[in-house]
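Student: I'll drop the sequence and a predicted model, then ask my questions.
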Amino acid sequence: MTPATSYDDLPPGITDQTRYYTNAYIVRDGRILLGRKKRGIGLNYYNGFGGKVEVGESSVQAARRELEEEAGITAPLVQVGTLLFTKEGIEWTFHINIYRAEEYEGEIVETEEMRPEWFPIDQIPYGQMWGSDKYWLPLVLSKKPFIGRTDFDADNNLKKWWFGHEYDGGVVSA
Ligand SMILES: COc1nc(N)nc2c1ncn2[C@H]1C[C@H](O)[C@@H](COP(=O)(O)OP(=O)(O)OP(=O)(O)O)O1
């Protein structure tokens, strides 16, 4: 998964080190399944279920594995977005593929890493989530394929962001 990049002329904030992650959301019956992170990056934030892509895995394989490890369920995940995050003090760029599914199998369980909780989609706890989630999670809910970049400072404050999504219905309007 080495990106085709010229490291001589990288955009500001992007380093030559990229780490690949996943994030998966179950959206069903007007609700979204989030997990409260119990350890590591994003401690105590609500987030989708995901983690690092391990050596020898594809992104979607990692997304399925992480969903099962963190919430105890399997789901037919479909990729809806790709995000690049930078954080001051962390030398790598986070490359995160975002997935969603409307169905799942198994029983949702709390795990060592996540405490799962359903939220009505009009009551998503954005105040307890990463500062940029409010800009792109609506695109996950409306199934609009998107890309984006966000830059955070060392205290996790959002400094800059940019998101782009597919035209409505795939067609450019006047
Ligand atoms: C900076 O903005 C972010 N926003 C959101 N919504 N999610 C983010 C952001 N930065 C990272 N993430 C996600 C990506 C992953 O799903 C987790 C971090 O994964 P973690 O470091 O916990 O990876 P694991 O492989 O599960 O780690 P363990 O070694 O603890 O199992 O946060």
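Tutor: Alright, I've got the coordinates. Residues are numbered from 1 along each chain as shown.

Student: which one of the residues in this structure is closest to the ligand?
Tutor: Taking C-beta to the nearest ligand atom as the measure, the point where the chain comes nearest the ligand is residue 51, at 2.4 Å. The C-beta positions use only the backbone N, C-alpha and C, and glycine is treated the same way.

Student: what sits closest to that residue if chain neighbours are left out?
Tutor: Across the structure, with C-beta to C-beta, 6 or more residues apart in numbering as the measure, the residue nearest residue 51 apart from its sequence neighbours is residue 66 (4.5 Å).

Student: enumerate the positions of the helix or strand where residue 117 lies that are buried.
Tutor: Residue 117 belongs to strand 114-120 when elements are defined using DSSP states H and E. Of the residues in strand 114-120, 114, 116 count as buried by neighbour count, 16 or more other C-beta atoms under 10 Å.

Student: how about residues contacting the helix or strand following it?
Tutor: Scanning forward in sequence from strand 114-120 by DSSP H and E, the next helix or strand is helix 133-141. When contacts are taken as C-beta atoms under 8 Å, 6 or more residues apart in numbering, the neighbours of helix 133-141 outside the stretch itself are 25, 27, 32, 47, 80-81, 83, 98, 100, 121, 124, 126, 129, 145-146, 148, 161, 163, 165.

Student: one more pass at 6 Å, please.
Tutor: 25, 80, 100, 121, 126, 146, 148, 163, 165 (C-beta atoms under 6 Å, 6 or more residues apart in numbering).

Student: looking at those residues, which one is closest to residue 58?
Tutor: Lowest distance from residue 58 to the contacts of helix 133-141 (C-beta to C-beta) belongs to residue 80, with 16.4 Å.

Student: just checking, that closest one touches residue 97?
Tutor: No: no contact is recorded between residue 80 and residue 97 when judged using C-beta atoms under 6 Å, the distance being 9.0 Å.

Student: what about residue 130, how many residues nearby?
Tutor: 20 (other C-beta atoms under 10 Å).

Student: no further questions, thank you.
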